[in-house]
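K.L.:
I'll drop the sequence and a predicted model, then ask my questions.
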Amino acid sequence: MTKKIILITGASSGIGYNTAMVLATQGHKVYAAARRVEKMEPLRQKGVIPIKMDVSSEDSIKNGLNIIMQTEKSIDVLINNAGYGYFGAIENVSMEEARRQLDVNVFGLARLCQLVLPIMRQQGSGRIINTSSVAGKSVLYFGGWYHVSKYAVEAFSDALRMEIKPFGIDVILIEPGGIKTEWGIIAAQHLAESSKNTAYQQQGLHVSDSLDKIYHMNILSQPQVVTNAISKAVNSKYPRTRYRIGFAARTILISHHILPARWWDALIRTLFGKIKI
């Protein structure tokens, strides 16, 4: 296995943290980026180099990349893992919050791609791995703006893959299904907060409670399955364009594709407990 210079964002916790550790253990030179550098300090014991980066800040992105380039002179793999979900009725979520979610989940990812592409083109090789979700192909109850961001990541990645293939650069999408992390619990909290004292309070609080219960159950896949998929995307000589992994990922995508829209809507409302108004 060839040692690679890797930058992974969103590495202060969860899947990003675990993936940085695993890739470093495999012998890669890993730069782990996040806003909270102190949370990544334990990774140093595995050889990971933490760097401070806020993907919604142009200056922060450039400063982080400069640190890597001054030392390594190259970047072989960019893993865009930073992102978060804010659930709430579209009417209730402020445009400020909507823009922030797109800044982190889409525009920060896109800007990092723009900045590493000249480096990879000069090398004649490179790999960009974007963490998407089945949420980029299907829509859940009250997930509007989060789904907008993930649909955008899907389209962006498909377009980018065609554009940069002639330069020897691969673009890979990671599309997890239900993964047992704090993501769903936090999304449920956001939904409850944004729904209070609004026309959506009854539905919102009910769905928030259902979402919280689902993410406390043991039916969801462990985060390691996502780390394994990213590891394959990094190390495979011929990586797939998409890695669809985790609880119900394929079932969700197939169901969303074949069911009429109103049937899908009814299925999702039933899954979270249909509300009578």
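P.N.:
In hand now; what should we look at?

K.L.:
Show me which positions of the host helix or strand of Ile268 end up buried.
P.N.:
Using DSSP states H and E, the element containing Ile268 is helix 261-271. For helix 261-271, burial by neighbour count (16 or more other CB atoms under 10 Å) applies to Trp264, Ile268. Any C-beta I mention is one placed from the backbone N, CA and C, and that applies to glycine too.

K.L.:
From the contact counts, what lies against that helix?
P.N.:
Other elements packing on helix 261-271 under the criterion 3 or more CB pairs under 8 Å, 6 or more residues apart in numbering; DSSP states H and E are helix 249-258.

K.L.:
rewinding a little: hmm, who's touching the helix holding Ile268?
P.N.:
With contact meaning CB atoms under 8 Å, 6 or more residues apart in numbering, helix 261-271 is reached by Ser138, Val139, Leu140, Tyr141, Ser210, Ser255, His256, Leu259, Ile275.

K.L.:
Select from those the one having the most neighbours.
P.N.:
With neighbours taken as other CB atoms under 10 Å, the top of the contacts of helix 261-271 is Tyr141, carrying 21 neighbours.

K.L.:
In contact with that one, which residues are there?
P.N.:
Gln203, Val207, Ile268, Arg269, Phe272.

K.L.:
For the fourth one, report the pLDDT, please.
P.N.:
Spelled out, it's Arg269. In this model, Arg269 is scored at 82, pLDDT.

K.L.:
For it, give its distance to Ser210.
P.N.:
Between Arg269 and Ser210 the computed distance is 11 Å (CB to CB, to the nearest Å).

K.L.:
out of the contacts of Tyr141, which one sits closest to Ser231?
P.N.:
Among those, Ile268 lies closest to Ser231 (CB to CB), at 31.9 Å.

K.L.:
before we move on, the earlier item: of the contacts of Tyr141, which pair is most distant in space?
P.N.:
Gln203 and Ile268 (12.0 Å).

K.L.:
Helices of the stretch 151-277 of the chain, residue ranges please.
P.N.:
Counting by DSSP state H, counting those that start in this stretch, the stretch 151-277 of the chain has helices at residues 183-195, 201-216, 224-235, 249-258, 261-271.

K.L.:
Now the fourth one: buried residues?
P.N.:
For helix 249-258, burial by neighbour count (16+ other CB under 10 Å) applies to Ala249, Ile252, Leu253, His256.

K.L.:
Equivalent analysis for the second one, please.
P.N.:
Neighbour counts over helix 201-216 (16+ other CB under 10 Å) mark Gln203, Gly204, Leu205, His206, Val207, Ser208, Leu211, Asp212, Ile214, Tyr215 as buried.

K.L.:
Could you dump these into CSV and include pLDDT and distance to Lys237?
P.N.:
Listed next are the buried residues of helix 201-216 as CSV, based on pLDDT from 0 to 100; distance: CB to CB, whole Å:
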residue, pLDDT, distance to Lys237
Gln203, 89, 49
Gly204, 91, 47
Leu205, 91, 50
His206, 89, 48
Val207, 90, 44
Ser208, 91, 44
Leu211, 87, 39
Asp212, 87, 42
Ile214, 86, 37
Tyr215, 87, 36
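
K.L.:
Alright, calling it a day.
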